[in-house]
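**Student:** I'll drop the sequence and a predicted model, then ask my questions.
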Amino acid sequence: MNRKDYIRSILPSVGSPKEDLVEVFAPINIALIKYWGKKDRELMLPYNSSLSVTLKNLGTKTKLCLSDKDMLSINSQIVDEDSEKFNKVFQFLHLICGDDVKFRVDTENNIPIASGLASSASAFASFVLAVNALFGFNLTPEDCAKIARIGSVSAGRSLHPGFVLMNHENDSAVTNVLSKFNDFCVGFCIVSEEEKKYKSRDNMDYTVSSSVFYESWLQITKRDLQEIYPLIENGDFYQVGKIAERNALSMHASIAMLNEEDRFYLKSESLRIIKKVQTLRDNGLPVFCTVDAGPNVKLLFQYKDIASVASAFPEMNFYEKVV
Ligand code: 2P0
């Protein structure tokens, strides 16, 4: 099946818009068990399952209306229609709604974009929510997630709140993971806001084809998911943090051992913060970290420790209590 038929199997017909202008918001999500590598690029199906937590207030706000021609702005800057970003956005919207309809899309991100802070997830999730509202499709969150995944795999996870599993053995469907946590926090240490040289899409393809450690990554991540799932249900912060941190470092290890050292995302400042997390933990502060496709480090901690974490980490720019 190609992606066009896949979308039509979820959304058989488009119809005409029910609204003139819609405004929606979709949050970013942070994976505790990372997705890294696609087995099917056409249908955007990952090699491994992933488990994330969806944020509440950090993400992408999108305004969408019909227009005479396709127009895109990101953070109030008009995007060049010959750019890769422009094409990626409108290929996705036309795949869902057909080629005849033209859109004006205005997005605002309250996080730095393209620096490993998962903004493509919130952007593509917001596009699906926006067309769903504009045309009155009445898609379920599960169907929205399947469509969003075609734009960017991690976007599928942003359409559910709290802890979310994307199961690669079940059409990469997403489901909520019920949990006893009520004070789980994610903090952000912005090491760099530069756009990364290697996008996650290219870098994960390269890892799949070139890393001798890719098979090991798949085994590690399968084990980590099996172990973390019941711990999330039970709200065991220390063990969840431990597995999330080792999962992220295993993903970066599979990238580090490539021939091209430029593909490694961590900078010396990222490594310094990771080391500091580990030292503070040895000294009794329950804090862990995770890192995505960029140098920025995310801290995982409990709200009861916010004062200690904030004073120990002046590097933390902002945080959210996510559940
Ligand atoms: C994740 N990342 O699970 C992993 C961990 C980055 C590291 O999903 O090609 O933007 O659009 O599916 O989803 C970032 O990759 O890549 C990502 P595509 P995506 O959050």
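**Tutor:** In hand now; what should we look at?
**Student:** List the contacts of residue 302.
**Tutor:** By C-beta atoms under 8 Å, 6 or more residues apart in numbering, the contact set of residue 302 is 183-185, 237, 286. Yep, even glycine has a C-beta here, placed from its N, CA and C like the rest.
**Student:** same question, residue 235
**Tutor:** Contacts of residue 235 (C-beta under 8 Å, 6+ apart): 179-182.
**Student:** Please tell me how far the residue lying closest to residue 217 once chain neighbours are set aside sits from the ligand.
**Tutor:** Counting by C-beta to C-beta, 6 or more residues apart in numbering, residue 217 lies nearest to residue 254, which is 4.3 Å off, once chain neighbours are set aside. Computed as C-beta to the nearest ligand atom, to the nearest Å, the residue 254 to the ligand distance reads 11 Å.
**Student:** let's number from 631 now, not from 1
**Tutor:** Shifting the count to begin at 631 puts that one at residue 884.
**Student:** so residue 884 is in which element?
**Tutor:** Per DSSP states H and E: residue 884 is located in helix 867-886.
**Student:** Near the ligand, which residues of the stretch 631-780 of the chain are found?
**Tutor:** Contact residues (C-beta under 6 Å from any ligand atom) of the stretch 631-780 of the chain with the ligand: 661, 664-666, 674, 680, 748, 750-751.
**Student:** Can you list which of those are found in strands?
**Tutor:** 661, 680 (DSSP state E).
**Student:** pLDDT-wise, what's the bottom of the residues of the stretch 631-780 of the chain next to the ligand?
**Tutor:** Taken together, those show their lowest pLDDT at residue 748, with 57.
**Student:** Show the residue spans covered by the helices in the stretch 731-880 of the chain.
**Tutor:** According to DSSP state H, counting those that start in this stretch, the stretch 731-880 of the chain carries its helices in the segments 749-765, 771-781, 830-840, 844-864, 867-886.
**Student:** Let me have these in JSON lines, extended by mean neighbour count.
**Tutor:** Shown next, in JSON lines, are these (neighbours: other C-beta atoms under 10 Å):
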{"stretch": "helix 749-765", "mean neighbour count": "26"}
{"stretch": "helix 771-781", "mean neighbour count": "23"}
{"stretch": "helix 830-840", "mean neighbour count": "17"}
{"stretch": "helix 844-864", "mean neighbour count": "17"}
{"stretch": "helix 867-886", "mean neighbour count": "20"}
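**Student:** May I see these arranged in a markdown table, with distance to residue 730 as well?
**Tutor:** Formatted as a markdown table, the helices of the stretch 731-880 of the chain follow (distance: least, C-beta to C-beta, whole Å):
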| stretch | distance to residue 730 |
| --- | --- |
| helix 749-765 | 13 |
| helix 771-781 | 19 |
| helix 830-840 | 28 |
| helix 844-864 | 42 |
| helix 867-886 | 41 |
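**Student:** Which one of those lies nearest to residue 634?
**Tutor:** Taking C-beta to C-beta, helix 771-781 is the member of these nearest to residue 634, at 9.6 Å.
**Student:** helices or strands up against that closest one?
**Tutor:** Here helix 771-781 touches helix 633-640, helix 714-727, helix 749-765, strand 803-806, going by 3 or more C-beta pairs under 8 Å, 6 or more residues apart in numbering; DSSP states H and E.
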